[in-house]
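> The sequence isn't on hand, but the structure is:
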């Protein structure tokens, strides 16, 4: 069982408002935002899979906020990141972390209980190759949890938003002119357009192929009663913000 202090996951409007308020601090105070997001994420994953005693592999784990949140709930936590700077953001690189590519995970097939990724898929040039690698790494019966920022949402261009609605390269050039330097997330290099439609299609194709069971497809930050919006083309791209694919390995 999770620690007594661990809060259960509830996709309420109050939760949505809290996360969106914290989101305003993502640039000036990333520790505040990512600590809140990590705690919420661990609770959300545990809604589908007990974390006590489970081996969690975090693809794109960053400096350690998610490590702390998952370990508080009893998980053994390993992480991968392609950016040494991100990994060492809280000091030395922690034990159990590796540098590598999400599109070629350095783990054996079927070796982890939970394969998790938060806001990484939109940063790799072949997002569905990474998603397939996460499925490969997960044991039969294990959980795959993929969350990503959708391109046509308000934050799809990250720090170049909302100008990304006029095109990723145009937004990137405008940011460079305005700030005198390139954005951290450079469209075409470290930021790519990934849609809701593409995620839904990939998940359903994997289920049809017998690779996974689709457990849940849901907007990450939205309250539970807004999930019906995923059934509305175009609208879902604008209001989803972040899509979660919850899959169970067959």
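Thanks, I have the structure now. Remember, it's a predicted structure, so these values are computed and weren't measured experimentally.

> C-alpha only now, for contacts and for neighbours.
Noted.

> Kindly list the longest strand within this protein.
As assigned by DSSP state E, the longest strand anywhere in the chain is strand 138-149.

> quick one: contacts of the helix ranked longest in the chain?
Identified as the longest helix of the chain according to DSSP state H is helix 30-46. Outside helix 30-46, the residues that touch it by Cα atoms under 8 Å, 6 or more residues apart in numbering are 6-9, 19, 22-26, 65-66, 69-70, 73, 145.

> cool, stretch 158-171 as well?
Residues outside stretch 158-171 that contact it (Cα under 8 Å, 6+ apart) are 152, 154, 155, 156, 157, 172, 175, 183, 184, 185, 187, 188.

> The last one and residue 77: what is the separation?
What it means is residue 188. Using Cα to Cα, to the nearest Å, residue 188 is found at 31 Å from residue 77.

> what's the answer for the second one, then?
Shown here: residue 154 relative to residue 77, a distance of 32 Å by Cα to Cα.

> Check the first one too.
If you measure residue 152 against residue 77 using Cα to Cα, the figure is 32 Å.

> Nearest residue to residue 101 in space, please, no chain neighbours.
residue 82 (5.8 Å; Cα to Cα, 6 or more residues apart in numbering).

> quick check: mean pLDDT across the helix or strand where residue 132 lies?
Element membership for residue 132 (DSSP states H and E) is helix 127-137. Averaged across helix 127-137, pLDDT comes to 98.

> Show me what it packs onto, helices and strands only.
strand 112-118, strand 138-149 (3 or more Cα pairs under 8 Å, 6 or more residues apart in numbering; DSSP states H and E).

> Tell me the gap between stretch 34-54 and the middle of its chain.
The chain centre lies 12 Å from the centre of stretch 34-54; the measure is Cα atoms, centre = their mean, to the nearest Å.

> ok, and for that stretch, which residues are buried?
34-46, 48-52, 54 (16 or more other Cα atoms under 10 Å).

> tell me the angle the host helix or strand of residue 15 makes with helix 30-46.
Residue 15 belongs to helix 13-23 when elements are defined using DSSP H and E. With axes from the mean of the first three to the mean of the last three Cα atoms, to 10 degrees defining the directions, helix 13-23 sits at 150 degrees from helix 30-46.
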